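[1] Next one to model:
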Amino acid sequence: MNKLYIGNLSPSVTAEDLKTLFGERKLPLAGQVLLKSGYAFVDFPDQNWAIKAIESLSGKVELHGKVIEVDYSVPKKLRSRKIQIRNIPPHLQWEVLDGLLAEYGTVENVEQVNTDTETAVVNVTYATKEQAKVAIEKLTGHQFEEYSFRVSYILDVDAVPPSPAPRSRRGGRQSRDQGAPQPSFSGSTGASRYKQHDFPLRMLVPTQFVGAIIGKEGLTIKNVTKQTQSKVDIHRKENAGAAEKPISIHSTAEGCSSACCMILEIMQKEADETKAADEIPLKILAHNSLVGRLIGKEGRNLKKIEQDTGTKITISSLQDLTIYNPERTITVKGSIGACCKAEVEIMKKLREGYENDIAAINQQTNLIPGLNVNALGIFSTGLSVLPPASGPRGAAMATTTGYSPFLQAPEQEVVYLFIPTQAVGALIGKKGQHIKQLARFAGASIKIAPAEGPEASERMVIITGPPEAQFKAQGRIFGKLKEENFFSPKEEVKLEAHIKVPSSAAGRVIGKGGKTVNELQNLTSAEVIVPRDQTPDENDEVFVKIIGHFFASQTAQRKIREIVQQVKQQEQKHQQGTPTPHHSK
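    Numbering: from 1, shown residues only. Here you go, the predicted structure:
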């Protein structure tokens, strides 16, 4: 992805001219300049440098009387579903970007790219190449405030089948790029030696101490990694000019903790020698979706950690979350020993939450055929951007699962979701903008029913769409209520949802002596209620109430739909009149 095309070149331009240009702009090349008639190809060490070259040169630099064009070198056969969008405002909310991308097709994945630029860059994968083509046409030059989007195709290696094995005789020469290790977004090559669900410790350190942490010729950081058996990534180039830089530590829980303590000791020693600060706090970065579980009900988890370790712990505001920053900062103040103890307990809670989410994702994938949960971006800063195995702040978790659409048109479902009355304005948004974006993103119809009375504490949201659309729409609504502080940071968002089932299936949902409904509640952690003495509506249907957090509610909905489907299938068989065998006397 780091090979660039240089176009609109004057016939008099030489390879040396291009090398001089890149040298003057301090853009390091990773190989020779391949000059053709009117254009050239160059390689850069990583994607970050490639983006910098495109942004600083294309349409902005004149060479021998002609303004040059710079873009990714992507052969036509590999221009398929993947595009890159640059110059995105750093304060743009994820939900706004997701809504915009969804206007042009089904988005399978969005990955944020770490760059030195002040604006954000994302790589987007659409379901089809036609959708990607429309997105490029519509989004190129798209204005958002004073920012103008710039869009390019990037290599889609899945677009063509692999080349056949080289022949042993003539014509068997391999391409020089064949089999080369593909760089990761952090610029490293080769496969990571860490498992896919590796959960790194993410620290934030003052920029002034980065040099001391690295040490002369990198000796200090090498010593840390050697002693703790860990991999430590210091994201120095991120957010140029920022007062703090993120560090990702990959290892076992014990290895991460040991590396963290060593880094704290290095910073404290440097602070003492330079009289820069009296006490260096520990700052841990954590994805917003995990923070509520760290805090615990009524803040009990956090209070216990503070009491057990003798530290003071604060967490940054939800208002600080943007497309560039899906993480919150956990600040721990105390002695180095106390901070190290607190880190162990904090990371234990975060890891538990992360592993539970991964398990829930796998469960949802099994319940909804073809659903690529990681690619949905269910919250504004949702599970699609959980901390990756390696990468800078805000990078998205890459997904390896391909998207498989339903084999047949999925059945439309209706869910009645109840939200606090005071949250209605936030859900609708200015001039209805948010609810429209949400409907486009999810592929669902979303309507808010009138209030039942002036004192009503809840409003009913009617969501109509297939299972995947329900998952996306409901997930976003749960996330929106949390982010807009309609539930305190100490609370988990729990909402009541109603679904209709045929009256003939209500008994099956309850089960003999309430056995099925009890099993449902144990399995899903949701409260499931089938009100007795209901009068069926005109369609001979009754309500089932489901109360719980997002994943619990979704799992319960899917299980109840399965029961209903089984009842319908049995009724159809009965109506078709399965012949009864006649016995001769």
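[2] alpha carbons only for contacts and neighbour counts from here, please
    Noted.
[3] all strands for the stretch 401-550 of the chain, in order.
    413-420, 445-448, 458-465, 495-502, 527-529, 541-548 (DSSP state E, counting those that start in this stretch).
[4] can you list those in CSV and add mean pLDDT?
    CSV is the format used below for these (pLDDT from 0 to 100):
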stretch, mean pLDDT
strand 413-420, 95
strand 445-448, 94
strand 458-465, 95
strand 495-502, 95
strand 527-529, 92
strand 541-548, 93
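[5] do you know which of those strands lies nearest G65?
    Minimum separation from G65 across the strands of the stretch 401-550 of the chain (Cα to Cα) falls at strand 445-448, 54.6 Å.
[6] Give me the sheet partners of that closest one and which way each runs.
    strand 458-465 (antiparallel) (DSSP bridges).
[7] Tell me, how many residues neighbour P531?
    The burial count assigned to P531 is 11, neighbours taken as other Cα atoms under 10 Å.
[8] right, and the strands of the stretch 401-550 of the chain - which one's nearest N485?
    strand 413-420 (11.5 Å).
[9] which helices and strands sit right next to that closest one?
    strand 458-465, helix 467-483, strand 495-502 (3 or more Cα pairs under 8 Å, 6 or more residues apart in numbering; DSSP states H and E).
[10] Find the one among those with the highest mean neighbour count.
    helix 467-483 (a mean of 22; mean count of other Cα atoms under 10 Å).
[11] what's that one packed up against?
    Against helix 467-483 (3+ Cα pairs under 8 Å, 6+ apart) you get strand 413-420, helix 433-442, strand 458-465, helix 550-576.
[12] Please point out which parts of the first one sit buried.
    The reference is to strand 413-420. 413-419 (16 or more other Cα atoms under 10 Å).
[13] T117: which of the residues you listed is nearest?
    I419 (39.3 Å).
[14] the helices in the stretch 151-300 of the chain, which residues?
    Remark: helices assigned in the stretch 151-300 of the chain by DSSP state H, counting those that start in this stretch are 210-214, 219-228, 253-274, 288-295, 300-309.
[15] So L4 belongs to a strand, correct?
    Yes - the assignment for L4 (DSSP: H, G, I helix; E, B strand; the rest coil) places it in a strand.
[16] looking at it, E62 is touching V70, isn't it?
    No - counting by Cα atoms under 8 Å, E62 does not reach V70; the two are 11.9 Å apart.
[17] Quick one: the helices of the stretch 151-300 of the chain as CSV, columns for mean neighbour count, distance to K447 and mean pLDDT too.
    CSV is the format used below for the helices of the stretch 151-300 of the chain (neighbours: other Cα atoms under 10 Å; distance: least, Cα to Cα, whole Å; pLDDT from 0 to 100):
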stretch, mean neighbour count, distance to K447, mean pLDDT
helix 210-214, 19, 51, 92
helix 219-228, 17, 54, 92
helix 253-274, 19, 46, 93
helix 288-295, 22, 26, 82
helix 300-309, 17, 37, 93
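[18] Need the ones you listed in TSV (columns: distance to Q557).
    Formatted as TSV, the helices of the stretch 151-300 of the chain follow (distance: least, Cα to Cα, whole Å):
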stretch	distance to Q557
helix 210-214	50
helix 219-228	46
helix 253-274	36
helix 288-295	22
helix 300-309	30
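[19] if we can go back for a sec, nearest to V121 among the helices and strands packed on strand 413-420 would be which one?
    When the helices and strands packed on strand 413-420 are compared by Cα to Cα, helix 467-483 sits nearest V121, at 22.6 Å.
[20] what's the residue nearest to A120 when sequence neighbours are not counted in contact with, if anything?
    Taking Cα to Cα, 6 or more residues apart in numbering, and ignoring the residues beside it in sequence, A120 has I88 as its nearest neighbour in space, at 4.8 Å. Counting by Cα atoms under 8 Å, 6 or more residues apart in numbering, I88 makes contact with 119-121, 147-149.
[21] switch the cut-off to 10 Å
    Taking Cα atoms under 10 Å, 6 or more residues apart in numbering, we find I88 in contact with 97, 118-122, 142-144, 147-150, 323-324.
[22] No further questions, thank you.
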